[in-house]
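[1] give me a 3D structure for the following:
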Amino acid sequence: MRNSITRKTTLLKITNPFLKNVLTLVSGTALAQLITVGVYPICSRLYSPEDYGFIEVIVSVTAILTSVACLKYEQGIVLPAQDEEGFSLLKMSILINFFVSTLLLISICFFSGTFAIWLGRAELKNYLFAIPFLVFFSALFVTVRFYAIRKSEFKLIARVSVEKAIIGGITQIVFGLAKLGSLGLIITQLTSASLVNGSMYKRLTAGKGFWNFANWQQEKETYVVLAKKYIDFPKFSVAATLANSLALYSTSIFVFKYFDAAILGQYSFANRLLSMPLILISSAVSDAFIQRATEEKRLTGNAQGSFLQILKPLVLVSIPTCVVAYFVLPDLFSWILGNKWYDAGRYASILIFLFSVRFFCSPLSSALIVFEKQKWLLFATGIQMMLTLCTFYTTYRYTYSFESFLYVTVLSQSLFYLAYLYLIWNVVRGK
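    You can find the predicted model right below:
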């Protein structure tokens, strides 16, 4: 009885700031997404499905590499009790990101032609040089964002999301009017990725030195100690995250290689628009959930209260939305984006089932980070990657149509996420 009262008191202490943080992140992300949605009807008429197909394969490769560019040490930034240690992890993660991105640039200088042919289009060769820079700035943003979460700077995160959307929207329209095609979309990615880091970085590190080169030996020793202390992140999370990223983004590479750029462009538009609720609510809730679950774990030894408080409303929202969206998406896409995007609506009506499941599963997956269950994460993402590869093989072997490929993907991945949710539930209960 006493433990029950203590637990309820603890949750009450956490809930108010938690809900405030969620609201802050959701409002900022909502405004950013509103700006993005506002430019889509314009950009869909300035660029072709083929243009978006080309940028999608570049973005997919970038996302896969970005996910492991810091060797996952950035995820440890929120964990130390001492802020000095968290700041040192920030600096170490940025250094690792720089070296990984540099090695990537050197590799592309020597093998860009080979990589382009492997991806299915020789004309991608010159575009590949954008990838190392996109990886560096994207990974830098993720790293600094984790430090912002540690410092509870949720207003700053929300503001930067809006700035990124404004920069991306303006540059897309300008380069579209200039008829730069897929090149304009790549320049847009570079511009928004590089500019948004400045304000966040300056605010978070104000009054702090960064690398102290006068005491570089001492700094290096600190990084060695931290690298060993948090070795489970690169040891287990890198492989798990890479498998997860491949499962999420390798589909775009597969479609580009075995179907064509126009189909990928239609598919990518469907993916982007369906991802917006996931980004708007799930990502914002996930950021705040990390903080709350970490605090609840320190106080009670588990985080099942945080888990249930998030899961229930997300499920209640996702199910009816999924049913309605299935019937209206094809015509809605055609009306908003133009008739040439009707196929994107058809693809979206198939994908909506998978996105609904991901909507209530994805925010809770960060519990494995909070409870340092990297081995479980590795196992789960390995299974997901195997399912993805099996889908690719059967599609190639039996020459499925693109829509048949989507149905198989949705079924297999939805079942995976439901099993994954059950695994997370056992983790947050301390089992």
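
[2] can we go C-alpha only for contacts and neighbour counts from here?
    Fine.

[3] burial of Ser365, as a residue count?
    By other Cα atoms under 10 Å, 19 other residues sit near Ser365.

[4] give the contact list for it.
    By Cα atoms under 8 Å, 6 or more residues apart in numbering, the contact set of Ser365 is 421, 424.

[5] next: Phe405.
    Phe405 makes contact with 391, 395 under the criterion Cα under 8 Å, 6+ apart.

[6] remind me which helix or strand it belongs to.
    Using DSSP states H and E, Phe405 maps to helix 402-428.

[7] before we move on, what about Phe353?
    Going by DSSP H and E, Phe353 is in helix 342-361.

[8] tell me the buried residues in that helix?
    For helix 342-361, burial by neighbour count (16 or more other Cα atoms under 10 Å) applies to 342-361.

[9] now do stretch 186-196
    186-194, 196.

[10] then stretch 198-206?
    In stretch 198-206, counting by 16+ other Cα under 10 Å, buried: 200-201, 204.

[11] quick one: low-confidence parts of the stretch 251-400 of the chain?
    Along the stretch 251-400 of the chain, the model assigns pLDDT under 70 to residues 279-280, 283-284.

[12] ranges for the helices of it?
    Along the stretch 251-400 of the chain, counting by DSSP state H, counting those that start in this stretch, helices occupy 261-277, 284-300, 304-337, 342-361, 367-370, 374-397.

[13] could the ones you listed go into TSV alongside distance to Glu153?
    Listed next are these as TSV, based on distance: least, Cα to Cα, whole Å:
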stretch	distance to Glu153
helix 261-277	22
helix 284-300	11
helix 304-337	20
helix 342-361	24
helix 367-370	19
helix 374-397	26
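
[14] contacts for stretch 136-147?
    Stretch 136-147 is contacted from outside by 66-67, 69-70, 74-75, 77-78, 86-87, 90, 93-94, 97-98, 101, 157, 193-194, 196-197, 200-201, 204, using Cα under 8 Å, 6+ apart.

[15] in helices, which of those residues appear?
    Using DSSP state H, the subset of the contacts of stretch 136-147 located in helices is 66, 86-87, 90, 93-94, 97-98, 101, 157, 193-194, 197, 200-201, 204.

[16] state the distance from the closest residue to Leu119 other than its chain neighbours to Thr24.
    Closest residue to Leu119 apart from its sequence neighbours, by Cα to Cα, 6 or more residues apart in numbering: Lys257 at 6.0 Å. From Lys257 across to Thr24, the span is 41 Å (Cα to Cα, to the nearest Å).

[17] any idea which element Gly176 lies in?
    Using DSSP H and E, the element containing Gly176 is helix 154-177.

[18] now that we have the contacts of stretch 136-147, which of them are buried?
    66-67, 69-70, 74-75, 77-78, 86-87, 90, 93-94, 97-98, 101, 157, 193-194, 196-197, 200-201, 204.

[19] ok, now which ones touch Tyr223?
    Tyr223 touches 88-89, 92, counting by Cα under 8 Å, 6+ apart.

[20] lowest-confidence one in the residues you listed?
    Scanning the contacts of Tyr223 for pLDDT, the smallest score is found at Ser88, 89.

[21] ok, the residue nearest to it when sequence neighbours are not counted to Val370 distance?
    Using Cα to Cα, 6+ apart and skipping residues adjacent in sequence, the residue nearest Ser88 is Tyr223, 7.3 Å away. Separation of Tyr223 from Val370 (Cα to Cα) stands at 22 Å.

[22] what does Val174 give?
    Val174 is 42 Å from Val370, by Cα to Cα.

[23] repeat that for Val68.
    Remark: distance between Val68 and Val370 (Cα to Cα) = 18 Å.

[24] before we move on, what about Ala158?
    23 Å.

[25] which of these two has more residues huddled nearby?
    Each of Ala158 and Val370 has its neighbours counted (other Cα under 10 Å); Val370 has more, 24 against 20.

[26] now do the contacts for the more buried one.
    Counting by Cα under 8 Å, 6+ apart, Val370 has contacts 79, 290, 293-294.

[27] more neighbours: Lys257 and Thr24, which one.
    Thr24 (21 against 17).

[28] need the three-state assignment for Ser152.
    Per DSSP: H, G, I helix; E, B strand; the rest coil, the local secondary structure of Ser152 is coil.

[29] what's the spacing between it and Ser282?
    18 Å.

[30] looking only at neighbour counts, state which of the two leads.
    Ser282 (24 against 16).

[31] and stretch 266-283, C-alpha only, in CSV?
    Once non-C-alpha atoms are left out, stretch 266-283 reads as follows in CSV (Å, rounded to 0.1, in the frame of the first residue of the first chain):
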residue,chain,number,x,y,z
GLN,A,266,5.1,8.8,-55.8
TYR,A,267,5.9,6.4,-52.9
SER,A,268,8.1,9.0,-51.2
PHE,A,269,5.4,11.6,-51.3
ALA,A,270,3.0,9.1,-49.7
ASN,A,271,5.6,8.3,-47.1
ARG,A,272,6.3,11.9,-46.3
LEU,A,273,2.7,12.9,-45.8
LEU,A,274,1.9,9.9,-43.8
SER,A,275,5.0,10.5,-41.7
MET,A,276,3.8,13.9,-40.6
PRO,A,277,1.5,12.7,-37.8
LEU,A,278,4.3,10.4,-36.7
ILE,A,279,6.7,13.3,-36.6
LEU,A,280,4.2,15.7,-35.2
ILE,A,281,3.1,13.7,-32.2
SER,A,282,5.1,10.5,-31.9
SER,A,283,8.6,12.2,-32.1
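
[32] residues of the helix holding Phe405 that come out buried?
    Those would be 405-406, 408-410, 412-414, 416-417, 420-421, 423-425, 427-428, for helix 402-428 by 16+ other Cα under 10 Å.

[33] and for stretch 312-323?
    Under 16+ other Cα under 10 Å, the buried positions of stretch 312-323 are 314, 318, 322.

[34] right, and the first one touches Val357 too?
    In this case it means Leu314. No - taking contacts as Cα atoms under 8 Å, Leu314 lies outside contact range of Val357: 9.7 Å.

[35] now stretch 301-312, how far from the centre of its chain.
    22 Å (Cα atoms, centre = their mean, to the nearest Å).

[36] hmm, I was thinking of stretch 142-159
    15 Å.

[37] now do the same end-to-end measure for that stretch.
    15 Å.

[38] cool, stretch 68-85 as well?
    21 Å.
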